[in-house]
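A.B. asks: okay, sequence plus prediction incoming.
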Amino acid sequence: MRHSVRSNALLCLFDVMTYCRQLSSHESRVEIIQGQSCAGNRRMVVGNAFPEAETGFNMGRLLSLMSFDNVEVPGSTVNRYCASGIETIGMATAKIQSGMADCIIAGGAESMSYIPMGGYKPTPDYKVAKGASIDLGLRLVDGLFADFSIVDEEFYAPDNRGAVKLPSYGLVDLGATYRMNNWTLRLNVNNLLDATYIAESNTSIHAEDGDVTWNGINTANSVWFGFGRTWNASLRYNF
C-alpha cells in the first residue's frame, strides 16, 4: 500500500509475511523504492513485538538486505510490543513530513506465537534425523515488581522501600518438528520442568519479621502464579 505524505516522497506499508512471499517475484513495492521516484534518502523500518528467538536477528536489517541490490539502504527494527507495527508507520510518516527521508518501507510482524511473554529466549535448534529437529528454549526473567498505588502510605516517605520485587525465575521450553513432503508436525512443551513461579502481583505488601512468606514474598499479597507445564501440537499442510 502506497501513500504520498509529501511532494516527491513515498511511504510504503506492508505486512512482513506477505512481503517476504513477494520478494522473489520483485513486486511493485520493492521496485518503487528502488526506482527513480525514490532516488533520494531511502530506508526500511520494521515493527517486531518480540525481536528474539525465531523472530530475532534484527528483522528490519535482514529484510533490507533481502530487498535491495546494495547494503546502503538502512533497515531498523522497532519494539513497542503490540503497537510495534503502527509505531513504525508513525515514525516513517514523521520522518518523511520533516524531510528526513524521501522513501520509507514501514510495517510490522505482530505474531508473537513462538515467543512466550517474559522474553530472554535463546533457541538452539538441532537436526536429529532427516526432516526432524528438536529445539530447546530458556526464558530467564528478572526485574519484575509488584503493582502498586501511588496513594499507598508506603510511598509517603522519601526513603520508602518502593514496590515489592518479585522473585526471578527461569523456564525451559522444548519443541520438536518433523517435516515430510508438504506436511509439518510441530510439538511444543512450555515450562518443561513444571516450575512454580509468581508471574504478577496485584498488591505490594513487604515482608516483615514474623510474616508468613513464600520465596521471600509476603503471603498476604494477591499474586498470579504462572502456568505450569503445558503442551500443544499442530499439523500443517503447505499447498
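C.D. replies: Done, it's in.

A.B. asks: elements contacting the longest helix anywhere in the chain?
C.D. replies: Counting by DSSP state H, the longest helix found in the chain is helix 84-97. Where contact means 3 or more Cβ pairs under 8 Å, 6 or more residues apart in numbering; DSSP states H and E, helix 84-97 is packed against strand 10-15, strand 42-48, strand 75-78, strand 103-109. Where you see a C-beta, it was placed from the backbone N, CA and C, and this is true even at glycine.

A.B. asks: can you list the ones you listed in CSV and add mean neighbour count and distance to Ile198?
C.D. replies: Shown next, in CSV, are these (neighbours: other Cβ atoms under 10 Å; distance: least, Cβ to Cβ, whole Å):
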stretch, mean neighbour count, distance to Ile198
strand 10-15, 20, 36
strand 42-48, 25, 28
strand 75-78, 20, 30
strand 103-109, 26, 30
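
A.B. asks: return the set of buried residues in the longest helix of the chain.
C.D. replies: Neighbour-count burial for helix 84-97, counted by 16 or more other Cβ atoms under 10 Å, picks out Ser84, Gly85, Glu87, Thr88, Ile89, Met91, Ala92, Thr93, Lys95, Ile96.

A.B. asks: just stretch 223-235 next, same as before
C.D. replies: So stretch 223-235, judged by 16+ other Cβ under 10 Å, has buried residues Val223, Gly226.

A.B. asks: off-centre distance for it?
C.D. replies: Computed by Cα atoms, centre = their mean, to the nearest Å, the chain-centroid distance of stretch 223-235 equals 19 Å.

A.B. asks: confidence score at the spatially most central residue of the chain?
C.D. replies: Centroid-nearest residue in the chain: Phe50, 0.9 Å away (criterion: Cα atoms, centre = their mean). At Phe50, the model reports a pLDDT of 72.

A.B. asks: that one falls within a strand, correct?
C.D. replies: No. Assignment of Phe50 by DSSP: H, G, I helix; E, B strand; the rest coil gives coil, placing it outside any strand.

A.B. asks: circling back to that earlier point, with distance to Arg236 as added columns, please give the helices and strands packed on helix 84-97 in CSV.
C.D. replies: Shown next, in CSV, are the helices and strands packed on helix 84-97 (distance: least, Cβ to Cβ, whole Å):
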stretch, distance to Arg236
strand 10-15, 19
strand 42-48, 23
strand 75-78, 27
strand 103-109, 18
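
A.B. asks: considering those strands, which stretch scores lowest in mean pLDDT?
C.D. replies: strand 10-15 (a mean of 60).

A.B. asks: what packs against the lengthiest strand in the chain?
C.D. replies: Longest strand of the chain, by residue count under DSSP state E: strand 169-180. Helices and strands touching strand 169-180, by 3+ Cβ pairs under 8 Å, 6+ apart, are strand 132-141, strand 183-190.
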